[in-house]
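**Q** Sharing a sequence plus its predicted fold:
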Amino acid sequence: MLLEELLASLSQDPLPEVELTGIETNSLHVQPGNLFFALVGHVSDGHAYIEDAIERGAVAVVGTKPLAPFKVPYIQVEDSRKAVALAAKRYYNNPSASKTVIGITGTNGKTTTSFYLKEMLEKAGKKCALFGTVQYIINGQELPSPNTTPDSLNFQRLLHESQDDVVIMEVSSHGIDQLRIEGIEFDFAVFTNLDQDHLDYHGTMENYFQVKAKLFDQLKPTGVAVIWTEGYWGRRLAQKLENGPHHVLELSKRAVERFADSNIPFHNQMNAVLAAAIAKKMIVEEQVVEQVIQQFSGVPGRFEVIHFTEDRHVVIDYAHTADAFTQVLASVRKLAKGRVFHVFGFRGGRDETKRQAMVEASEKGSDVQVLTFDDLNGLPVQAMQEQLQKLRFTGIRIDDRTEAIAYALEQASAGDWVVITGKGNEQYRDRYMAPCQSDSETVDWYFKREKSNSY
Ligand SMILES: CC(=O)N[C@H]1[C@@H](OP(=O)(O)OP(=O)(O)OC[C@H]2O[C@@H](n3ccc(=O)[nH]c3=O)[C@H](O)[C@@H]2O)O[C@H](CO)[C@@H](O)[C@@H]1O[C@H](C)C(=O)N[C@@H](C)C(=O)N[C@H](CCC(=O)O)C(=O)O
Ligand SMILES: Nc1ncnc2c1ncn2[C@@H]1O[C@H](COP(=O)(O)OP(=O)(O)OP(=O)(O)O)[C@@H](O)[C@H]1O
Ligand SMILES: N[C@H](CCC[C@H](N)C(=O)O)C(=O)O
């Protein structure tokens, strides 16, 4: 595509006749013939890397700041995140237009709902691409997920490669705010729930809600909104959409009554019915939907039950909000004949204001609490220790996660359950550091150690 063809609407001046070889937002990845978009980020400012991008072969640059002329055309726009999203959409020939696009938002349950839905649709013969926290899947191929919601450029590029019929994506509030989904029109948008999280980024729950609600502005005119309305924020969203053009499907506790005798955790029943509502709208047979719910293969690191020994159980779970703790611990309480141990921690550099509520949910839902580290995310150990010190917490503190898990497993006796939350299936302790064992690998290591010690 010619530079002129892509950017004519943004540039006052005529642009040179140059054939583009691609679009880039990271100067380090620029190849000769690329168009570079300078984005102001949370850590760096892409405008500082314009010269670098030009040296690597960028043929034009788009940015937001008034800058002195460069040796290639510089096009100043109001919002370079919006500009790159729309340029990528155009460059890759609007790849989502030919697919059914489903966006799932909410604090908890996005990943699980998306996995349920993928299984339902695939059983009905549809090919699904998936974007989310655990992984991306394009044309059946699993790719690592750097962000729950990919940046707009990567997203359009992957959609262009995808020969799938359906795109199921988790839409994070960061993703919406940073315009990673700008220009995408959704056939379905799902709201699971809202719980206190990410206030380091959004400031207030109201702001957090308003950002999440923006997903629903991107529904196609024929689009359907599916909302869990049992909570305050779900009801607010349903009200907001009430007089709008879209069909709104509201789901509440009544929708999960039929699971009364089943042993799926309650939160997964909610996720299952949200997925089922879309599957049915997409004409998946009732029988297929039910079969998937009954035989669901689960999500890595979400309510993963390990029969540690015959009478001791471990649950590995990705809970990292107070509501998620309440849900998971209540489900375990129903299953446990003995005590419930809870090993948990917090991520460095993330919302600190949710922590006290998480401690309280843990103390309410379990018998023994072990507070440890999740990820430090670059935060010095001492700073995390000081932050933990400030919490009102009466349980046991063991900073080293392996030791904390070992302690809980050691203390647990027949009938007890040990719940380990926060990291799920993740194989790193700090996104900036080397990979390390997952929580289930730690449990496995402990189990082997205990077995060899008993001989
Ligand atoms: C705070 C935040 O959300 N940051 C995200 C954001 O980064 P940023 O735009 O601020 O990037 P930056 O590092 O400041 O760089 C600015 C620009 O300079 C450019 N640059 C930089 C260096 C250089 O040498 N050359 C260069 O061109 C960069 O390529 C970039 O274009 O955009 C990046 C690309 O999309 C994201 O990877 C990054 O996610 C960071 C790693 C992150 O931790 N994000 C979390 C908070 C997040 O987004 N989480 C949600 C899930 C939350 C949930 O639901 O629980 C998610 O969707 O993953
Ligand atoms: N519907 C729900 N309501 C409340 N808590 C839930 C619900 N579904 C899942 N959870 C809890 O939240 C945790 C994360 O679930 P899941 O990965 O499906 O959510 P998510 O929205 O994708 O989270 P993230 O964006 O952080 O990846 C689960 O391990 C469970 O503890
Ligand atoms: N939802 C959590 C976990 C994100 C997981 C991973 N992508 C990371 O950033 O470490 C958060 O944003 O705090």
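**A** Yep, that arrived. Ligands and ions are numbered 1, 2, ... in the order given.

**Q** Contact residues of this protein facing ligand 3?
**A** With C-beta under 6 Å from any ligand atom as the criterion, the chain meets ligand 3 at residues 133, 320, 347, 350, 375, 431. Just so you know, the C-beta spots here come from the backbone N, C-alpha and C atoms, and that holds for glycine as well.

**Q** Settle this for me: the first one is touching residue 148, isn't it.
**A** Going back to what we said before, that points to residue 133. Yes: under the criterion of C-beta atoms under 8 Å, residue 133 makes contact with residue 148 at 4.5 Å.

**Q** Now do the shared contacts for the two.
**A** Common neighbours of residue 133 and residue 148, counting by C-beta atoms under 8 Å, 6 or more residues apart in numbering, are 110, 170.

**Q** before we move on, back to that, make CSV from the residues of the chain next to ligand 3 and add distance to residue 246, neighbour count and pLDDT to it.
**A** Formatted as CSV, the residues of the chain next to ligand 3 follow (distance: C-beta to C-beta, whole Å; neighbours: other C-beta atoms under 10 Å; pLDDT from 0 to 100):
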residue, distance to residue 246, neighbour count, pLDDT
133, 26, 20, 96
320, 31, 24, 97
347, 35, 19, 95
350, 33, 18, 94
375, 38, 23, 90
431, 37, 14, 63
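
**Q** and the residues you listed, which of them are in strands?
**A** Nothing among the residues of the chain next to ligand 3 maps onto strands, per DSSP state E.

**Q** Of those residues, which is the nearest to residue 452?
**A** residue 375 (30.3 Å; C-beta to C-beta).

**Q** got the contact list for the nearest residue to residue 329 once chain neighbours are set aside?
**A** Using C-beta to C-beta, 6 or more residues apart in numbering and skipping the chain neighbours, the partner closest in space to residue 329 is residue 365 (2.9 Å). With contact set as C-beta under 8 Å, 6+ apart, residue 365 has these partners: 325-326, 328-330, 333, 340, 342.

**Q** Pick out the residue of the chain closest to ligand 1.
**A** Going by C-beta to the nearest ligand atom, ligand 1 is nearest to residue 41 of the chain, at 2.1 Å.

**Q** And that residue, its phi and psi?
**A** phi -110, psi -170 (degrees, to the nearest 10).

**Q** Quick check: it vs residue 237, distance?
**A** From residue 41 across to residue 237, the span is 29 Å (C-beta to C-beta, to the nearest Å).

**Q** neighbour count winner among these two?
**A** residue 237 (27 against 11; other C-beta atoms under 10 Å).

**Q** Assess the claim that the more buried one and residue 214 are in contact.
**A** No: applying C-beta under 8 Å as the test, residue 237 and residue 214 come out as separate, 10.9 Å apart.

**Q** contact partners of stretch 29-38?
**A** Contacts for stretch 29-38 (C-beta under 8 Å, 6+ apart): 3, 6-7, 18-25, 27, 45-47, 49-50, 52-54, 56-65, 80, 83-84, 87, 153.

**Q** could you redo the last one with a cut-off of 6 Å?
**A** Contacts with stretch 29-38, where a contact means C-beta atoms under 6 Å, 6 or more residues apart in numbering, come from 20-25, 46-47, 50, 53, 56-63, 80, 84.

**Q** What of stretch 205-212?
**A** Counting by C-beta under 6 Å, 6+ apart, residues outside stretch 205-212 touching it are 105, 173, 176-177, 194, 202, 233.

**Q** follow-up on the earlier one: quick one: which of the contacts of residue 365 is nearest to residue 412?
**A** residue 340 (9.6 Å).

**Q** since we're on that closest one, how many residues are nearby?
**A** By other C-beta under 10 Å, 23 other residues sit near residue 340.
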